[in-house]
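Asks: Would you be able to build a 3D model of this:
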Amino acid sequence: MADLDEIRRIYDIVDENADGMVSVDEMCGFINKLGMAMSIQDLRCMLKNPLQEDLPFEEFVDFYQSIFNHQDDEENDESDDLIEAFRVFYQNKDGYISSNELQNVLSTMGLIPRGQDSQQCVKMICRFDSDCNGVLDFSELKNMMSSKLSP
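Replies: Reported below is the predicted structural model:
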């Protein structure tokens, strides 16, 4: 289980407009980026007060723990690994992996030569970019990591 510092970091990432509160819309977007399809109505049904617009940190902690503690240990390990991989790749913390971020990480890991043309990374992203926005979200990274990459 994540500690409060880790959950606070996640809360701050989910708070896209940096107003200090996570809105229901921001929370729903976060859940969907993790590949767990959920409508705003479904999310509201899970909240203590379905009419509220923002989740204070304390309620976010309860919600986060209730969602992520119901997975099997094996799923938790896989999910934690994927979340950690996603964190490694999305360096500017915007929730997406760009071709430049992918290239930086792969070259740091020694998997591609430094300074290599970024077109290889652009092609890799395009292959898994299901919404065609030019970047990978968590769900698309999950698909990329679970497939066998071929050149």
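Asks: quick one: contacts for the nearest residue to Met21 once chain neighbours are set aside?
Replies: The shortest distance from Met21 to any non-neighbouring residue, by Cβ to Cβ, 6 or more residues apart in numbering, is to Asp54 (4.0 Å). Just so you know, the C-beta spots here come from the backbone N, C-alpha and C atoms, and that holds for glycine as well. Contacts for Asp54 (Cβ atoms under 8 Å, 6 or more residues apart in numbering) come out as 21-24.
Asks: what's the pLDDT at the residue nearest to Ser39 when sequence neighbours are not counted?
Replies: In space, and not counting its chain neighbours, Ser39 is closest to Cys28: 7.3 Å by Cβ to Cβ, 6+ apart. Predicted confidence (pLDDT) for Cys28: 87.
Asks: Quickly find the element holding Cys28.
Replies: Cys28 is part of helix 24-33, with elements assigned from DSSP states H and E.
Asks: chain center to that helix: distance?
Replies: Here helix 24-33 is found 10 Å from its chain centre; the criterion is Cα atoms, centre = their mean, to the nearest Å.
Asks: how close does the closest residue to Phe57 other than its chain neighbours get to Asp129?
Replies: Among residues not flanking Phe57 along the chain, Tyr11 sits closest, at 5.7 Å (Cβ to Cβ, 6+ apart). Here Tyr11 is placed at a distance of 27 Å from Asp129 (Cβ to Cβ, to the nearest Å).
Asks: Setting the sequence-adjacent residues aside, check what's closest to the residue nearest the centre of the chain.
Replies: Centroid-nearest residue in the chain, with Cα atoms, centre = their mean: Phe138, separated by 4.2 Å. In space, and not counting its chain neighbours, Phe138 is closest to Lys33: 4.8 Å by Cβ to Cβ, 6+ apart.
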